[in-house]
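> sequence? don't have it. structure:
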């Protein structure tokens, strides 16, 4: 979301807000002041609506991800277990051209590893067609 602060759409709202505010404070005619105030207000509203749209789009993506491939990783990526099905440490192996990998950070003190990332490639991924 921080990268969107430098997006051209954000710059338009910045310009409208700053220009409208500066001109409204320097204007001596009441109608001109009102017009530039409306311009500044419109710039703020555009920026807030733009941010709200981005957040909604991102949250929609997260919801789709959690209800899609992340809901059942082993089924989606065609992984089968080797070991007891109830074990949390069960190792999964792909049975098709797909895979799901988890990156862990293991401290030297022997504490529990920390998951720092994951990568999943489905059967439709072009990476396996090499």
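Noted; the coordinates are in hand. Just so it is clear, the model here is predicted, and its values are computed rather than measured.
> please count neighbours and contacts with C-alpha atoms only from this point.
OK.
> now do the contacts for the residue nearest the centre of the chain.
Centroid check for the chain by C-alpha atoms, centre = their mean gives residue 58 as the closest residue, at 4.9 Å. If you count contacts by C-alpha atoms under 8 Å, 6 or more residues apart in numbering, residue 58 has none.
> repeat that for residue 111.
Here residue 111 is in contact with no residue (C-alpha under 8 Å, 6+ apart).
> that one: what secondary structure?
Following DSSP: H, G, I helix; E, B strand; the rest coil, we place residue 111 in the coil state.
> now do residue 115
Once three-state DSSP is applied, residue 115 turns out strand.
> what about the nearest residue to it once chain neighbours are set aside, neighbour count?
Residue nearest to residue 115 in three dimensions, not counting chain neighbours: residue 104, with 4.4 Å by C-alpha to C-alpha, 6 or more residues apart in numbering. Close neighbours of residue 104, defined as other C-alpha atoms under 10 Å, add up to 13.
> for residue 104, give its distance to residue 114.
Using C-alpha to C-alpha, to the nearest Å, one obtains 5 Å as the distance from residue 104 to residue 114.
> now swap in residue 43 and tell me
Residue 43 is 43 Å from residue 114, where distance means C-alpha to C-alpha.
> between the two, which one's more packed in?
Using other C-alpha under 10 Å, the more surrounded residue of residue 43 and residue 114 is residue 43, with 24 against 11.
> the helix or strand harbouring that one: which residues count as buried?
Assigned by DSSP states H and E, residue 43 belongs to helix 30-67. In terms of neighbour count (16 or more other C-alpha atoms under 10 Å), helix 30-67 has its buried residues at 33, 36-44, 46-47, 50-51.
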